[in-house]
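Novice: Here is my input; please provide its structure:
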Amino acid sequence: MGFAQLRKRLQGREPKTLVLAWGLDAGVLEACRQALDHGFIKEVVVTGPPEQVQKTAEQVHMDLAGFSFHPAATPVEGAAEAVRLIREGRGQVLMKGHLNTSAILRAVVNKETGIRKESLLSHITIVELPSERLALLTDAAMNIKPDLPQKAQILDNAIKFAWSIGLANPKVAVLASVETVNPQMQDTLDAAALTLMGARNQFSKPAIVDGPLAFDNAYSKEAAQHKGINSPVAGQADIFLVPDLTAGNLLYKSLVYVGGLSVAGVIAGAACPIVLTSRADSSAAKLNSIAVACLALDAD
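Specialist: Next up is the predicted model:
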């Protein structure tokens with residue numbers, strides 16, 4: 001299943017309402033317009049100064065039919081208002097507009113007014129591999145250097161998300177720089193522990209977890225065979241769990257800018273999927289992200 005097939009699965013399903021925080025980004029507005037036209041969503045509720053949102057749309061000659069506005073004077077206020085609308089059931093998908101990621105995350109995790117569901121939020125990149133199937137990469141954008149309990153929560157978020165978009169019993173590759181357990185390399189010890197946790201069904205949903213695996217033998221069955229690695233995950237991983245943000249960010253950008261792969265991005269662990277894209281992301285990546293978030297909702 002690639003992104004084209006994923007979008008087809010949304011046809012005929014109940015469209016969602018998307019809440020866009022501080023919607024002063026023409027690229028994000030255009031992606032929302034496309035999602036409306038495709039029927040993934042039925043309404044976009046935008047927080048921010050309405051006249052500035054309208055001017056932003058006019059710059060790209062975009063029709064705002066299907067959009068409504070909730071005034072906000074600052075990005076922080078726009079983020080808080082968007083989260084409030086989600087919490088009160090006004091929308092089902094939250095999307096970051098033209099504001100810092102930290103601003104929207106502070107609103108999401110606010111203990112009194114936020115929408116955090118799990119103990120830890122994590123970013124999930126959905127990648128369409130050259131074989132035209134989807135795989136998840138986590139965490140390449142949020143958690144800088146997670147310890148073992150945090151990695152377990154990041155992995156649990158990803159496993160549940162995989163199930164929600166139709167990747168049942170996902171195969172998880174816990175990545176490290178080597179594929180053997182080395183007591184002097186904490187990442188390999190964490191990978192071994194997560195593998196045992198998977199074997200003992202310690203995650204919210206079933207998954208096949210194996211690690212440590214270097215990326216070459218996690219991605220390529222031939223590479224694993226060449227190294228004599230007998231793994232139920234090698235060459236067929238549905239989830240790639242990276243050891244830290246630096247490794248994840250480098251891998252993500254290599255896949256996009258060198259490999260030319262199509263991607264989408266969401267934050268998991270909140271009461272709803274949060275669409276989080278970069279301004280450098282393509283319009284297709286933004287649209288794919290909205291589609292993935294809408295599909296994930298139908299599994300709740």
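Novice: State which helix of this protein is the longest.
Specialist: As assigned by DSSP state H, the longest helix anywhere in the chain is helix 148-164.
Novice: tell me what that one is packed against?
Specialist: Judged by 3 or more CB pairs under 8 Å, 6 or more residues apart in numbering; DSSP states H and E, helix 148-164 is in contact with strand 122-128, strand 134-138, strand 171-175, helix 186-199, strand 239-241, strand 263-268, helix 283-297. For glycine as for every other residue, the C-beta is placed from the backbone atoms N, C-alpha and C.
Novice: which outside residues touch it?
Specialist: 118-122, 124, 136, 138-139, 143, 146, 168, 170, 172, 174, 190, 193-194, 197, 202-205, 207, 209, 238-239, 241, 266, 268-269, 295-300 (CB atoms under 8 Å, 6 or more residues apart in numbering).
Novice: Just give me how far it sits from the chain centre.
Specialist: Centroid separation between helix 148-164 and its chain, computed with CA atoms, centre = their mean, to the nearest Å, is 12 Å.
Novice: again, but for stretch 70-78
Specialist: With CA atoms, centre = their mean as the basis, stretch 70-78 stands 24 Å off its chain's centre.
Novice: pLDDT score assigned to residue 300?
Specialist: In this prediction, residue 300 carries a pLDDT score of 54.
Novice: Not counting its neighbours along the chain, what's nearest residue 220?
Specialist: residue 235 (5.5 Å; CB to CB, 6 or more residues apart in numbering).
Novice: hang on, that neighbour in a strand?
Specialist: No. Under DSSP: H, G, I helix; E, B strand; the rest coil, residue 235 sits outside any strand and is assigned coil.
Novice: where does it fall, phi/psi-wise?
Specialist: Dihedral angles of residue 235 (phi, psi; degrees, to the nearest 10) stand at phi 80, psi 0.
Novice: Double-check it against residue 221; I have them as touching.
Specialist: Yes. With contacts counted by CB atoms under 8 Å, residue 235 reaches residue 221, the gap being 2.7 Å.
Novice: Is residue 113 in contact with residue 83, as I believe?
Specialist: Yes. Using CB under 8 Å, residue 113 is in contact with residue 83, at 6.8 Å.
Novice: if we can go back for a sec, what's the average pLDDT for the longest helix of the chain?
Specialist: If you average the pLDDT values across helix 148-164, you get 97.
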